Structure formats: structure tokens, C-alpha cells
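K.L.:
attaching a predicted model along with its sequence, questions to come.
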Amino acid sequence: MFSRPRAADPALLRDAEGYLPLARYGALGDGRAVVLSGADGSIDWWCVPNMDSPALFDRLLDGTLGGYFAITPVDAFTSEQRYRDDSNVLETIFTTATGRAKLTESLNSGTAGRLPWAELARRVEGLDGHVAFTVTLRFGRRADTVSPYFARAGGHDVFHVGAVLGLVRCSDTVEIYRQGDDGIDGRIAVAQGERATIAIVAGADEPLVVPPIEAIDARIDLSDKEWRDWTQALDWSGQLHCDGARRALAIRSALALKLLLYSPTGAIVAAATTSLPEKIGGGKNWDYRYAWIRDAGYTIKAFLRIGAHAEAKAGFTWLLKRLGQGVPKVCYTLGGDPVPEVREIDIPGYRGSKPVVTGNLATDQHQHGIYGDIFETAERFVACGNILDGQSAATLSHLADLCADRWRQKDAGIWELEQVQHYTMSKISCWQALQRAVELADAGQIPTTCRDRWARERDRIMDWISEHCWDEGRGAYLCYPGAKGLDASLALAVRFRFDGQDRLARTLDAIDRELGAGAFHYRYTGMKREEGCFLACTFWMVEARAILGQHDRAEAALAAAMDALAHGTGILPEMIDPQNGEYLGNLPQGLSHLALIQAIATLGGAEL
């Protein structure tokens, strides 16, 4: 359960095309961007200055020509990658024939929170004997749309990659023996007790600060302290009722979710990457560096459950402001604008999986699930003792009216499918929205003008689902009326307190039979040929069984899933190949981490 470091067998590192298994990456973040650093010391993904900016390092998607920043032992090595306790500061221990050394990495913050520039710091320390490292920095060329270069300014060599400019800062003991427009090459050698630091300070279309390397190095430990202070301020014992390995899992997921909160606006990004495939060689590759109403709502609820009220408030405020701008969209940019149209980028893709894209088609879809997501979030916000303002209450009342008007329509469903249908989960989400709206009105949190109308429509939805969506022969709610397939997201209906608990329990059994694959589950019928198992579905199943009182089954299911995920650093992807354990899809994936937190909390007996 990520409780011990994992040695990196050199045979399991990069393949012939230069790609590293996704499980071999750790993530760093500063509230604005996320870095992926591999177990061989190579940073292969960093969008500067923001998560949705073009990539400065993109070897993750172009193993041969992509940009990267590697600090790798000269000699053959094994490595152990782990996070510092209660922190997003990452450590990698390299062992060679001549000694051991530690690489400590941080996307730095300061005493007042996020720095107004990007500061990626990497410290090498000798532990035993002596170890020599090569330093290689190559800038990404954005599919040959930019040509990086260095220019002299203020006595410093400043690199330029499109609108991004930056500096490489390093200790005197770091030898830089080549610098060209494409990047730099250097060496670091450390004996026991010695250390050296190399860093990048960068920004886009803004003045550049030139901090001394000593200050950058000190901010690694300051950032670690800031992460630990945040983690330890949360009410873990009161909210999760767990300790030991289970608590460590929850903390790691909380820290991963914190990386996905875009601090300048409060938007919550679905994942930090684009175009990582749901199946190697397949075409289901999406850009998840945007804020979905669904994912944001679920993440806010997870933050509330662990006592991260500041993060929950920031995300909820962002969400309500977007929803108050007219008919709600499925997803938005981190600045709150409509997501741009999909555009393909001409690079190979992870392990040859094309297309590589920016933008997302989901923004123009209609999904009934957004109504349930926002009302469940509002209800949880209020249940934690918080208060809605008048404008937010008016926005929610308007959304309840929209839901009451539109629930009979077909939609794209939770899985954003091209075929619009009367998806069962979408109807349940509408029921959920109107049920929570009635509860909020009864509590005096939103206007009561249409309260009785919402209650009547809620009951009509319940009757419609009972009549059209249940298949007694299958013993399950179907994906949609008349469908042959099942939908694993129906496990969420248990948490939503949807009526018919016996039917839901039978549906869970059917999902296990028909969509289960080892410890995990496919999203819906037919996906085995197209993608891996969706991690959040498995954690939703765990939570649902716990709510229904099936604690032994829930405990066993969670243990099996975490054992199968234990070869990673604690950063979860969207999917996993149930046959070989290979991570699939974008990462860190917010849905996976928040679903794990909810499962752990519910198993521990915490209130929903």
C-alpha cells in the first residue's frame, strides 16, 4: 500500500523508444503546475507556468525528441522512489556499484504560499561511497512550433521557449560543460556527506527573478515543512477514523488532490496530463487539464470529508461562479472560460499511442449528472456547518428549476458518450439533485418558492427509473432502458442515498460478475476491448458495499486493489490493465484519488 520504497529494476525502466512505465513517476506541484519525475531521475513533463500551458518538458509523449531534465547516475543503478512523510517533496535513492546518493525534488513554495514564479529545485546528496551523475536538459519544441534559444541578459544566460523564459541555477560543484540553444549537459559527483543543487527558475511573459541557489535549496525544506503543516492541520482522526497504512493511503491521495487545485482561481483540474492512453496503441487519448463540474464537485466533497475547508471553499466558490454564468457547461478552462476545440499535436504519443491532443469535446455536451454533482456538493458544504450566500442560493434554485425541466431529455451520461440516451445514472443524478434541493430549501439555505414542485418531479423521476431501468431477469439496473449492458457508476447511487437498497445491492453483484476483472472493474459493458479498468469504479464499489453493511467484502476488495497498485509511488492514474498491472490514462487522476479517500472514510465509519 505504498508503505515502502520500490526498487526500480533497470529492465523495467525505459523501453527502446524512451518511454518509462507510468507507475514509475512521482508528481510535484506548487498550486499552479505539476511536474512528473521518473524513477531514473528524468523529469519528463512540466507545463510552464500553468497546468494547461504548453509543455516545457514533454518526453512523456515523445520518447525520442521530447524535452526532459535528467539527473541520472553514470553507472548502472537501481532506484527507490518515495515521498517524504506527509509531503509532496519527492526523494529517489540511487544505488550503484560505488555508492548511494539521494535526489530530492520540489516544485518550491515560500512562507506565504505559492511563489510568483516557477521554481523547480533538485538536490543531490551523497549517502555512501561516491556516485557520479550526468545532467541533461533538453527543451521541448512543441511539435517544432518553437525553436528554443539562450540569450545573454543582465549577466545571465536566459533560455527562451516561446513565451517562456528561465534560468538554470546551480551550485558551484555542478559542472556545466556544454550549453547550446537546445539545452545543457553537465556532471555532478558526490561523496558521502556532500551535496549539490541545480534548479530552473521560469515564467511566461513576465519579469524574471534571479534567486541565489542557496535560497532555492533552502526552499526545498521550507516547501516540505509547508506540505507537512497542511497535512497535519487536517482532522484526520476525527474525519477518517483510521490509522496506520490506511491513513497513509488517505494522506497520499489528499496530497495528490491538493496538487490538482489551481490556486490562482480555485479551479480543480481533472488530471495533470494530456493524451496518456486508456489502452496502449489505442485512440482514446484525452486532454484532462481542465476543470469538470463533476470532478470538481467530487473533489470538494473529499476535501470537506478530511477537513480541508479552505480548499473546499475555494473550489466551491469557483464552481458556483461558473454555474451562475448561464446554462452550465460540463467543463471549463482553469480561468473559467469555455474549453477550446480539440486540436491534434503531431508527436508520437506515449508508446506510440495517438492522437496527442489539446482541448476537449465534452464542453458542449449536456450531462444531467452536473445537477446532482453540484447539489450534493452544496448539501455537504452546508452539512459541515457552512452557510450559502444569497447569490449562490439563487444560482442553486435556478439550477434546480433547470433540472426539473430537463430530466426527461436524453444526455451524454457520466461517461460523456457520443450516443445520447436515457442513461439510468443520469436520471438518478437528477433525482439526487432535486432531493438535495428540497433538503436545502427545508433547511432555509435556498429559496422555497419551487420546493414542492421539485419534490413532485423528484418522485416522478423515481417512478420512471423503477418502471424503465430495472431488469428483474438480470437482477440489476441497466445502463439505460432496453440496454444489454451494465454501468459500474451505478455504485454511486448507494452514496447518493437513492431508494431501493435491495435492488442496488443486487446491481453491485451484477457489476462484479459482468464488469469485474481481478481486483478492478471496467466502466461499462464492452470496454474490455478498448481500455483498462477504471480505478474510481472499484473504489465506488468498495464504498457502496461498506454503506450497505457488507464490510468484509468491502475490506477485501480494497485490500486486493491496493495490493495490485502497490508498485507505484502513490500517484494514481485513471485506469489500470488488469492483466499486467500497467498504469493507463492521465495522472495524477483526481477521480481515482478522491474515490479512494471516500472509500477509506466510509470503511472507517465516518459520516457521509
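P.N.:
The structure has been received and is ready for your questions. Residues are numbered from 1 along each chain as shown.
K.L.:
hey, let's count contacts and neighbours off CA atoms from now on
P.N.:
OK.
K.L.:
report all helices and strands that the helix or strand where Ala189 lies contacts.
P.N.:
For Ala189, the host element (DSSP states H and E) is strand 183-191. The contact analysis (3 or more CA pairs under 8 Å, 6 or more residues apart in numbering; DSSP states H and E) places strand 183-191 against strand 118-138, strand 175-180.
K.L.:
dump these into JSON lines; add mean neighbour count, distance to Tyr83 and mean pLDDT as well.
P.N.:
Listed next are these as JSON lines, based on neighbours: other CA atoms under 10 Å; distance: least, CA to CA, whole Å; pLDDT from 0 to 100:
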{"stretch": "strand 118-138", "mean neighbour count": "21", "distance to Tyr83": "14", "mean pLDDT": "98"}
{"stretch": "strand 175-180", "mean neighbour count": "13", "distance to Tyr83": "28", "mean pLDDT": "96"}
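K.L.:
relative to Asp577, which of the ones you listed is closest?
P.N.:
Closest to Asp577 of the helices and strands packed on strand 183-191, according to CA to CA: strand 118-138, at 31.4 Å.
K.L.:
what about the strand holding Ala189, average pLDDT?
P.N.:
Across strand 183-191, pLDDT averages out at 98.
K.L.:
list of residues touching it?
P.N.:
For strand 183-191, contacts defined as CA atoms under 8 Å, 6 or more residues apart in numbering pick out 101, 124-139, 173-179, 196.
K.L.:
can we see that at 7 Å?
P.N.:
Contact with strand 183-191 is made by 125-126, 128-139, 174-179, as judged by CA atoms under 7 Å, 6 or more residues apart in numbering.
K.L.:
make TSV from the helices and strands packed on strand 183-191 and add distance to Gly324 to it.
P.N.:
Formatted as TSV, the helices and strands packed on strand 183-191 follow (distance: least, CA to CA, whole Å):
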stretch	distance to Gly324
strand 118-138	32
strand 175-180	50
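K.L.:
do you know which of these lies nearest Gln367?
P.N.:
Here strand 118-138 is closest among these (CA to CA), at 36.2 Å.
K.L.:
list the buried ones in stretch 499-518?
P.N.:
Using 16 or more other CA atoms under 10 Å as the test for burial, stretch 499-518 gives 503-512, 514-517.
K.L.:
give the rounded mean pLDDT of that stretch.
P.N.:
Averaged over stretch 499-518, pLDDT sits at 95.
K.L.:
could you check the distance from Ala302 over to Leu594?
P.N.:
Computed as CA to CA, to the nearest Å, the Ala302 to Leu594 distance reads 6 Å.
K.L.:
swap in Thr507?
P.N.:
Note on Thr507: its distance to Leu594, by CA to CA, is 23 Å.
K.L.:
Arg513 too?
P.N.:
Separation of Arg513 from Leu594 (CA to CA) stands at 25 Å.
K.L.:
ok, which of the helices and strands packed on strand 183-191 comes nearest Glu206?
P.N.:
For the helices and strands packed on strand 183-191, proximity to Glu206 was assessed by CA to CA; strand 118-138 is nearest, at 11.4 Å.
K.L.:
what is the orientation angle of the following helix or strand past the closest one with strand 175-180?
P.N.:
Going down the chain from strand 118-138, the next helix or strand is strand 149-153, by DSSP H and E. Computed by axes from the mean of the first three to the mean of the last three CA atoms, to 10 degrees, the angle separating strand 149-153 from strand 175-180 equals 110 degrees.
K.L.:
and strand 149-153 with strand 183-191, angle?
P.N.:
Per the same axes, to 10 degrees, the angle that strand 149-153 makes with strand 183-191 is 80 degrees.
K.L.:
what strands flank strand 149-153, and is each parallel or antiparallel?
P.N.:
Sheet partners assigned to strand 149-153 using DSSP bridges are listed as strand 156-161 (antiparallel).
K.L.:
tell me which helix or strand comes right after the partner strand.
P.N.:
Going down the chain from strand 156-161, the next helix or strand is strand 164-170, by DSSP H and E.
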